[in-house]
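J.: please find the sequence and the predicted model below.
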Amino acid sequence: MPSTRTKDACDLLDADHKAVKKMFKEFEETTQSRAKSAAQKKLDLARRICLELTVHAQIEEEIFYPALRGAIKETDLLDEATVEHQSAKDLIAQIQEMDASDPMFDAKVKVLGEYVDHHVKEERSDIFTKARSARKLDLVAMRDELEARKEELMAEMEATA
């Protein structure tokens, strides 16, 4: 029986997680291809992954994490998540400067995927659980705010790409 719970901020963020996971899987499959078009496809996928993750991290850092900090007692998980974001951003910057023919390109994208997997597991099991149990948070209203900001950032970043 489907849940009647209204989608909230955590659902929106988790939908991002699932979309990026699918892109990492597609990237991994493309690395196995010997087709000439594979290098361009890898580059396109890597750029899309980097864009999605950059926007996702930014909306979490601008809206989700600050709201959570004000609503929960244990903020060490948010500190760890912020450090994980920085590690991912550093790797994203490196990937964005590379070409798919670079011998380290595939490895860097793979490691970024591993960072993201780890981060997602912690968010799902700990951060989202705490967010949903915090009485002071309106996660449904926050979903709308996150969605609007995400659309704004995507439009800005795609315009400059």
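T.: Great, that's in hand.
J.: could you say what helices and strands the helix or strand where L146 lies packs with?
T.: Taking DSSP states H and E as the criterion, L146 maps to helix 139-160. With contacts taken as 3 or more C-beta pairs under 8 Å, 6 or more residues apart in numbering; DSSP states H and E, helix 139-160 sits against helix 9-31, helix 38-59. The C-beta positions use only the backbone N, C-alpha and C, and glycine is treated the same way.
J.: for these, which one ends up most surrounded?
T.: Greatest average neighbour count among the helices and strands packed on helix 139-160 goes to helix 38-59 (a mean of 19), per mean count of other C-beta atoms under 10 Å.
J.: tabulate the helices and strands packed on helix 139-160 (CSV), appending distance to P103 and mean pLDDT.
T.: Listed next are the helices and strands packed on helix 139-160 as CSV, based on distance: least, C-beta to C-beta, whole Å; pLDDT from 0 to 100:
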stretch, distance to P103, mean pLDDT
helix 9-31, 12, 96
helix 38-59, 13, 95
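J.: and stretch 143-159, what's buried?
T.: Applying a neighbour-count criterion of 16 or more other C-beta atoms under 10 Å, one finds R143, E145, L146, K150, L153 buried in stretch 143-159.
J.: relative to Q94, which of those residues is nearest.
T.: Of all these, Q94 sits closest to L153, with 21.0 Å by C-beta to C-beta.
J.: quick revisit: need the helices and strands packed on helix 139-160 in CSV (columns: distance to A100).
T.: Below are the helices and strands packed on helix 139-160 laid out as CSV (distance: least, C-beta to C-beta, whole Å):
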stretch, distance to A100
helix 9-31, 9
helix 38-59, 4
